[in-house]
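Student: here is my input, please return the structure:
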Amino acid sequence: MPLPQTTLAVWPPELPRDVMADGWQETLALPVIRTQMEAGPAKQRRRYSAATPPVTATYLMEQVELELLQDFIDETLGGGALAFEWPHPRTGLTVTARLVGGSEPQVTPSGAQFLVRLTLEVQSGLSIRPVYWLNEDGSYRATEIGQYRLVSGA
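Tutor: Numbering: from 1, shown residues only. As a prediction, the model looks like this:
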């Protein structure tokens, strides 16, 4: 059952956070509109304040992680329609993101594992905060910027 709209789902802690370096692509937001003039330079202005830059991330997953991801998408995210809190691999911050409709996750076998490619849009300016982890002793610790890393190779 999907979470109510007022509560954001969270990327499951059992899923990987390390993104494959050769499967990472991020487009930085440029929220401007540009108009060509009959004469002189083109004019441009800010079009909107909340840009949603696309991100493509490829994860290396075990079979059980792939099944958990499918359940997360189907059940928690209402088939991928809802936004969720996602650990941004470049910044190490938790951001609000959602899967891009019409761009289904792609799964490719890689030996006994799977390369899983997701296309997301990051809703900048929303829910940006450090990720908190539960330590073995029951205490919590916050991540630091740059704690997540891009990994190379499969």
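Student: only C-alpha atoms for contact and neighbour calcs from this point on.
Tutor: Noted.
Student: and L66, how close does it get to E14?
Tutor: 11 Å (CA to CA, to the nearest Å).
Student: what does D74 give?
Tutor: For D74 relative to E14 (CA to CA), the value is 17 Å.
Student: please say which of those two ends up with more neighbours.
Tutor: Using other CA atoms under 10 Å as the criterion, D74 and E14 rank with D74 on top: 15 against 10.
Student: count of residues packed around the residue nearest to R117 when sequence neighbours are not counted?
Tutor: Leaving aside its sequence neighbours, R117 sits nearest to T58 (CA to CA, 6 or more residues apart in numbering; 4.2 Å). As a burial measure, T58 scores 23 neighbours (other CA under 10 Å).
Student: sheet-wise, list the partners of whichever strand or helix holds T58 with their directions.
Tutor: Taking DSSP states H and E as the criterion, T58 maps to strand 54-61. Strands that pair with strand 54-61, judged by DSSP bridges, come out as strand 25-26 (antiparallel), strand 113-122 (antiparallel).
Student: mean neighbour count, those: which tops it?
Tutor: Mean neighbour count (mean count of other CA atoms under 10 Å) peaks for strand 113-122 among the strands paired with strand 54-61, with a mean of 21.
Student: contacting residues around it?
Tutor: Outside strand 113-122, the residues within contact range by CA atoms under 8 Å, 6 or more residues apart in numbering are 23, 52-63, 66, 95-100, 103-109.
Student: quick check on those residues: which are buried?
Tutor: Among those, the ones that count as buried by 16 or more other CA atoms under 10 Å are 23, 52-62, 66, 95-100, 105, 107.
Student: on the three-state scheme, D74 is what?
Tutor: Secondary structure state of D74, per DSSP: H, G, I helix; E, B strand; the rest coil, is helix.
Student: ok, now which ones touch it?
Tutor: By CA under 8 Å, 6+ apart, the contact set of D74 is G80.
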